[in-house]
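Trainee: coords please:
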Amino acid sequence: QIFWNVTSACNFQGGICFSDSGAAAADDLTTAEARKAIRDAAAAGVKDIVVSGGEPFLRPDLFELLAYMRELGTTARIATNGSLLDRALLERVRRETSTKAFQVSLDTLDRDAYRDIHGAPPEMLDTAIAALRVMRELGFHTTVSSRLGPKTLPALPALLDRAAAEGWATVTIHLPLHTG
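Mentor: Presented below is the predicted three-dimensional model:
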């Protein structure tokens, strides 16, 4: 398994991400370079790629790359903020790719804290939760992730209760490591 940030582009402006995302970077791989990387990984025996970013669904050729992975027998797991996902897009992922799981960054169920943590409109929390419901319905493994910090620690019990009620398969709690 490899972990691949397919783009630096992100539609959120949060300071808690594991990458320095914002605008797409000049050194994001081209489609041809990405296809070669996927081919090389498959040739090396990699059977599963965790696709992340930035926000992977901002990459214009994402479906082409996911379909190529499927063609080579490689499965995908996608880490996303969930804000761009709706039923039609998730049904397309199910139909056209070998994606088996999603990890969605929620961190909290409090809309104001979500806005502050993610640098995104608070209604994006509702969009992400709706996407998680559709993911489950379509048979994807669902993981919700939270980064442990002063604003998220008090919200963890409610997040865990919601995960149990919604049937989200996994909750991961990350400990931020500041580097640089």
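
Trainee: For the chain, which helix or strand comes out least confident on mean pLDDT?
Mentor: Lowest mean confidence among the helices and strands of the chain (mean pLDDT, DSSP states H and E): helix 111-118, at a mean of 91.

Trainee: who's in contact with it?
Mentor: For helix 111-118, the surrounding residues in contact (Cβ atoms under 8 Å, 6 or more residues apart in numbering) are 12-14, 16, 81, 105-108, 120-125, 149, 151-152, 155. Placement of C-beta: from N, CA and C, glycine included.

Trainee: same question, stretch 121-140
Mentor: With contacts defined as Cβ under 8 Å, 6+ apart, stretch 121-140 is touched by 12, 81-83, 85-87, 90-91, 94, 99-102, 104-106, 109, 111-112, 114-115, 118, 142, 144, 166-168.

Trainee: Out of those, name the ones that lie in helices.
Mentor: Counting by DSSP state H, the contacts of stretch 121-140 place Arg87, Leu90, Glu91, Arg94, Arg111, Asp112, Tyr114, Arg115, His118, Glu166 in helices.

Trainee: mind listing what the most far-flung residue of the chain relative to its centre touches?
Mentor: Centroid-distance maximum for the chain: Ala43 at 25.2 Å, with Cα atoms, centre = their mean. Listed by Cβ under 8 Å, 6+ apart, Ala43 has no contact partners.

Trainee: That one and Glu137: what is the separation?
Mentor: Using Cβ to Cβ, to the nearest Å, Ala43 is found at 35 Å from Glu137.

Trainee: Can you report phi and psi for Phe3?
Mentor: Taking degrees, to the nearest 10, you get phi -110, psi 120 for the backbone angles of Phe3.

Trainee: Identify, by residue count, the longest helix of this protein.
Mentor: Using DSSP H, we find that the single longest helix of the chain is helix 123-137.

Trainee: what's the spacing between it and its chain's center?
Mentor: Distance of helix 123-137 from its chain centroid, counting by Cα atoms, centre = their mean, to the nearest Å, is 12 Å.

Trainee: got the buried residues for it?
Mentor: Met124, Leu125, Thr127, Ala128, Ile129, Ala131, Leu132, Val134, Met135, Arg136 (16 or more other Cβ atoms under 10 Å).

Trainee: okay if I get these as CSV plus distance to Gly22 and pLDDT?
Mentor: Converted to CSV, those look like this (distance: Cβ to Cβ, whole Å; pLDDT from 0 to 100):
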residue, distance to Gly22, pLDDT
Met124, 16, 95
Leu125, 21, 96
Thr127, 20, 97
Ala128, 19, 97
Ile129, 25, 97
Ala131, 22, 98
Leu132, 25, 98
Val134, 28, 98
Met135, 26, 98
Arg136, 31, 97
